[in-house]
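Trainee: Dropping a prediction and its sequence here:
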Amino acid sequence: MLKNYFKIAIRNLYRNKGFSFINILGLAIGMASAILILLWIYHEVSYDQFHEKKDRIYEAWNRDIMNDKVTCWNTTPKVLASALQKDNPEIERVVRVNWNQRYLFAAGEKKIPGSGNFVDSGFLQMFSFQLLKGNPATALNDPHSVVLTVRLAKKLFGNDDPMGKTIKVENRDNFTVTGIVKDQPNNTRFDFESLMPFSYLRSIGEDDTFWGNNSTETYVLLKPNTTLSALSERIKETRRKYDKDSPKGEFFLYPISRWRLYSRFENGIETGGLIDFVKLMSIIAGFILLIACINFMNLSTARSEKRAREVGIRKVVGARKNALIGQFLGESILIALLSGILALLIVQFCLPAFNTLTGKILSINYSSVKFWIILIGFIIFTGLLAGSYPAFFLSSFKPVKVLKGNLQKVNALVTPRKVLVVLQFTFAIILIISTIIVHKQIGYARERAAGYDKQNLVYHFLSDDLVKNYTPLKNELLSAGIASSVTKTSAPMTEGWSNSWGFEWSGKDPNDRTVYDRYCADDKIVQTAGMQLVSGRDIDLSKYPNDSNSIILNESAVKGMGFKEPLGQIIKDNGNDWTVVGVVKDFILTSPFHPTNPMVIEGAKGWFNVINIKMNNQHSTADNLAKMEAVFKKYNPDFPFEVKFVDESYARKFDSEKRTGTLAALFAGLTIFISCLGLFGLATYMAENRIKEIGIRKVLGASMSDITALLSKDFLVLILIALAIAVPSAWWAMHTWLQSYPYRTPISVWVFVIAGALSLLITLLTVSSQAIKAAIRNPVKSLRSE
């Protein structure tokens, strides 16, 4: 019997090549889209879940009142680690990790830039990064030890064994290679090429015990069988116990299972995070697959007359309804199998482009038994989903009626087929509207004035040699006409690396916990960055030697500090008295989608990491960069010349939203394509089914436009219904999404008009091609049998 069913299924596929092609292609595209999305989802939910001790690993977080609301963040004081270890016997180990930085590693004459973290010695015992050589318990015990990844070790030493060899870091100190760690997977928050011991920072005086310096990530490993509730209250009190300046501050432990997906807090309460986007992508995957299955359902039921006599004969000779359902489900699973094979080919072909789009490194492990079990289950599920309605519909035919040719055609106002078409296009229109609004939001933020001039502005990170040779390097850049202005800053113009609520000024409310961005610039920051002065002047050490103690405020800081006349005011910070010499218009330091924070720019007594160079616009960029590289090589010979453009860094602020917009556009396009495939098939069958009616109408004088309108109007009505459902749904979804952006675009009526017009146009083009083909057919041929 099964062999017979298989033969019939193959014959039906071969006999109806056009419909089979539409069914298989539609299902394959839907399945491929779902597989790609599921690969991305799996990648996100598996972040840092490979650590063997993951059930006991937590990260220490801060919680305090700032800007009149409860704020949570995941950087902590360096001294917290020792306090937690000392006060909590339930804790097995505490590990600090400083922020990832770029370093220059030198092995003999070979110099390679790479990334690295300073970590406490227990890092490799807490986290399951595979150490290929060395002992995880001792590899980072010595202050001058270093653990390299396989990738960096290969760059430095080639095929030689790196263990025990010496490398120089930042042209400063020697470190001995004590371990080789396997390159970490791409589903972890840790992205390093080297690990160096935190004890080294202590040996050079960069480890502090200041409770107000929240600059380090602190990780905690609880002892086995310890519950978080057993020590959570004690952890909370740690801040108040040791830091008298934060009477309302507290620490809490956040589990590793929630780092990636749930780390968004609002007013001290966890409110989601990336999990919201993961859920959205899951819904999109489900809907795309459902739309592909709807195509199968619609085309199968539309062609029911072709199978009616077969069903009638089978029932007459004794076939039960359950057997017929099994037959039709088997046929749909066969089509799903063929679609699944094609889907895998599509996925493999599209995966590199999808990786580029998402910024991930996704792959399929074909050697995994688990993958094949999941894939087979996915194919069977798709086949059952797509074939369920047709199987029950076709098996319900009455043999007496179908064998007499009295199969009743359904012309009801509401039919399952119409509902399914409406559902398809509702989702497609929602995605079209979403795509337009996402791109509109990106454009809205792009048009926002940055508050400074990004053109011809470049920056380069400071090395020890650049710090030592800064003055001659600056003078040569200016005298050679390469630059029109040069300044040192604490961070690039597009990044905020420091903030504080600890500023003091005359008249400050003792309860004021407003956070101010802290930026440092040694000289002529307004001129170099092209900021807009509101009052006062730029920091200018050549004219005003005492400007090393000067400070510039932005307009939001002036308002926040309550100054009516800010110039000359004294602001205390980090043990210095800073004199306000200027006020600039607010400029965007961090996100263009959020309001500008109050900000201070401290003078030459601050700390510096970056050289900013305003290139001379009288020369070409290529000429400026070539000459600039020669100057840098002169004063910084051991380090690569790695200049970055501020306008490019600023453009990267939109990457996440652009990725969202591109994904929405991609899936909207796929949804429309799959829906139109089904619509094309339905229109083709409809035209074939009404060929005699069309012939009679033409004989009676109907024009081609009349016939085209007749065959198209039913579909256009369905699209209008889908539009009526999709518009309010899309408005609600995008209104909710935009609420996460304080600086957001309004939702305009024209967005819905364009989406509606586009949907109707696509539908008309899809259906009318078949309608016109039927309308121009010679009625003599279609009526010959009559």
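Mentor: Sure thing, it's come through.
Trainee: do you know how far Gln130 is from Ala137?
Mentor: Gln130 sits at a distance of 15 Å from Ala137 (criterion: Cβ to Cβ, to the nearest Å). Every residue, glycine included, has its C-beta placed from N, CA and C.
Trainee: I'd guessed Leu231 sits against Ile91; true?
Mentor: Yes: at 7.5 Å, Leu231 counts as touching Ile91 under the criterion of Cβ atoms under 8 Å.
Trainee: If you tally nearby residues, what's the number for the closest residue to Ile361 other than its chain neighbours?
Mentor: Closest residue to Ile361 apart from its sequence neighbours, by Cβ to Cβ, 6 or more residues apart in numbering: Asn186 at 4.6 Å. Neighbour count of Asn186, defined by other Cβ atoms under 10 Å: 13.
Trainee: what does Leu533 give?
Mentor: Neighbours around Leu533, by other Cβ under 10 Å: 14.
Trainee: If it is in a bridge, with which residues?
Mentor: Val584 (DSSP bridges).
Trainee: Residue numbering should commence at 746 henceforth.
Mentor: Sure, I'll start numbering at 746, so the last one becomes Leu1278.
Trainee: which residues touch it?
Mentor: Leu1278 is in contact with 1271, 1327-1329, counting by Cβ atoms under 8 Å, 6 or more residues apart in numbering.
Trainee: same thing with Leu1465?
Mentor: Contacts of Leu1465 by Cβ under 8 Å, 6+ apart are Leu1505.
Trainee: Just the element for it, please.
Mentor: Assigned by DSSP states H and E, Leu1465 falls within helix 1449-1483.
Trainee: Distance from the helix or strand where Val1166 lies to the middle of the chain?
Mentor: Following DSSP H and E, one finds Val1166 within helix 1161-1191. Mean-position distance between helix 1161-1191 and its chain equals 20 Å (Cα atoms, centre = their mean, to the nearest Å).
Trainee: Stretch 774-790 too?
Mentor: Using Cα atoms, centre = their mean, the offset of stretch 774-790 from its chain centre is 14 Å.
Trainee: got a list of contacts for it?
Mentor: 931-932, 1005-1006, 1019, 1023, 1026-1027, 1029-1031, 1033-1034, 1036-1038, 1081, 1084-1085, 1087-1089, 1091-1092, 1095-1096, 1099, 1103, 1105, 1107, 1109, 1123-1124, 1127, 1412, 1415, 1418-1419.
Trainee: Mind giving me the PyMOL command for buried ones among the residues you listed?
Mentor: The buried residues among the contacts of stretch 774-790 can be selected in PyMOL (16 or more other Cβ atoms under 10 Å) with this line:
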select buried, resi 932+1005+1006+1019+1023+1026+1029+1030+1033+1034+1036+1037+1038+1081+1084+1085+1087+1088+1089+1091+1092+1096+1099+1103+1107+1123+1124+1127+1412+1415+1419
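Trainee: Now, the contacts of stretch 774-790 that are in strands?
Mentor: Per DSSP state E, strands hold no members of those.
Trainee: Next, the angle helix 1449-1483 makes with the helix holding Val1166.
Mentor: On the basis of axes from the mean of the first three to the mean of the last three Cα atoms, to 10 degrees, helix 1161-1191 is oriented at 50 degrees to helix 1449-1483.
Trainee: what's downstream of helix 1161-1191, the next helix or strand?
Mentor: Following helix 1161-1191 in sequence order, the next helix or strand is strand 1202-1206 (DSSP H and E).
Trainee: who does that following strand touch, helix- and strand-wise?
Mentor: Secondary-structure packing of strand 1202-1206 (3 or more Cβ pairs under 8 Å, 6 or more residues apart in numbering; DSSP states H and E): strand 1355-1360, strand 1389-1390, helix 1391-1396.
Trainee: Could you give the average pLDDT over it?
Mentor: The average pLDDT within strand 1202-1206 is 96.
Trainee: what's the answer for stretch 932-940, then?
Mentor: Here the average pLDDT along stretch 932-940 is 94.
Trainee: For the closest residue in space to Gly1348 that isn't next to it in sequence, grab phi and psi.
Mentor: Spatial nearest neighbour of Gly1348, chain neighbours left out: Ser1295 (4.3 Å); criterion: Cβ to Cβ, 6+ apart. According to degrees, to the nearest 10, the main-chain angles of Ser1295 amount to phi -90, psi 160.
Trainee: Can you read off the pLDDT for Ser1295?
Mentor: 95.
Trainee: Report the secondary structure state of Lys856.
Mentor: Classification of Lys856 by DSSP: H, G, I helix; E, B strand; the rest coil places it in strand.
Trainee: Quick check: buried residues in the helix holding Leu1465?
Mentor: For helix 1449-1483, burial by neighbour count (16+ other Cβ under 10 Å) applies to 1452-1453, 1455-1457, 1460-1461, 1463-1464, 1466-1468, 1470-1472, 1475-1476, 1479, 1482-1483.
Trainee: How about stretch 1225-1232?
Mentor: Buried-residue list, stretch 1225-1232, by 16+ other Cβ under 10 Å: 1227-1232.
Trainee: How far off centre is it?
Mentor: 38 Å.
Trainee: got the CA coordinates for that stretch in CSV?
Mentor: C-alpha atoms of stretch 1225-1232 as CSV (Å, rounded to 0.1, in the frame of the first residue of the first chain):
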residue,chain,number,x,y,z
ALA,A,1225,54.1,70.5,7.4
GLY,A,1226,50.5,71.6,6.6
ILE,A,1227,49.2,68.1,7.2
ALA,A,1228,46.9,69.3,10.0
SER,A,1229,45.1,72.5,10.7
SER,A,1230,44.6,71.6,14.4
VAL,A,1231,45.6,68.8,16.8
THR,A,1232,44.4,67.8,20.3
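Trainee: What lies in contact with that stretch?
Mentor: Taking Cβ under 8 Å, 6+ apart as the criterion, the residues outside stretch 1225-1232 that touch it are 1219, 1222-1223, 1266-1270, 1272-1274, 1356-1364, 1369, 1372-1373, 1376.
Trainee: Which members of these occur in strands, if any?
Mentor: Among these, the members falling in strands (DSSP E) are 1356-1360.
Trainee: Identify, from these, the entry nearest to Gly1307.
Mentor: Asn1357 (31.0 Å; Cβ to Cβ).
Trainee: Show the contacting residues for that closest one.
Mentor: Taking Cβ under 8 Å, 6+ apart, we find Asn1357 in contact with 1202-1204, 1231-1234, 1237-1238, 1270, 1273-1274, 1391.
Trainee: swap the cut-off to 6 Å and go again
Mentor: Residues near Asn1357 by Cβ atoms under 6 Å, 6 or more residues apart in numbering: 1204, 1232, 1234, 1273.
Trainee: Could you check how many residues crowd around the last one?
Mentor: Applying other Cβ under 10 Å, we find 24 residues neighbouring Thr1273.
Trainee: tell me the pLDDT at the residue nearest the centre of the chain?
Mentor: Centroid check for the chain by Cα atoms, centre = their mean gives Ser1401 as the closest residue, at 5.3 Å. Per-residue pLDDT puts Ser1401 at 86.
Trainee: out of the contacts of Leu1278, which is most surrounded?
Mentor: Scoring the contacts of Leu1278 on neighbours with other Cβ under 10 Å, the highest-scoring entry is Val1329 at 25 neighbours.
Trainee: Could you measure from that residue over to Trp785?
Mentor: Applying Cβ to Cβ to Val1329 and Trp785 gives a distance of 42 Å.
Trainee: And the average pLDDT for the top helix by length along the chain is what?
Mentor: Secondary structure of the chain per DSSP state H: the longest helix is helix 1066-1103. The average pLDDT for helix 1066-1103 rounds to 86.
Trainee: Which strands or helices does it pack on?
Mentor: In terms of contacts (3 or more Cβ pairs under 6 Å, 6 or more residues apart in numbering; DSSP states H and E), helix 1066-1103 is packed against helix 747-760, helix 762-790, helix 1114-1140.
Trainee: tell me the most buried of these?
Mentor: helix 762-790 (a mean of 20; mean count of other Cβ atoms under 10 Å).
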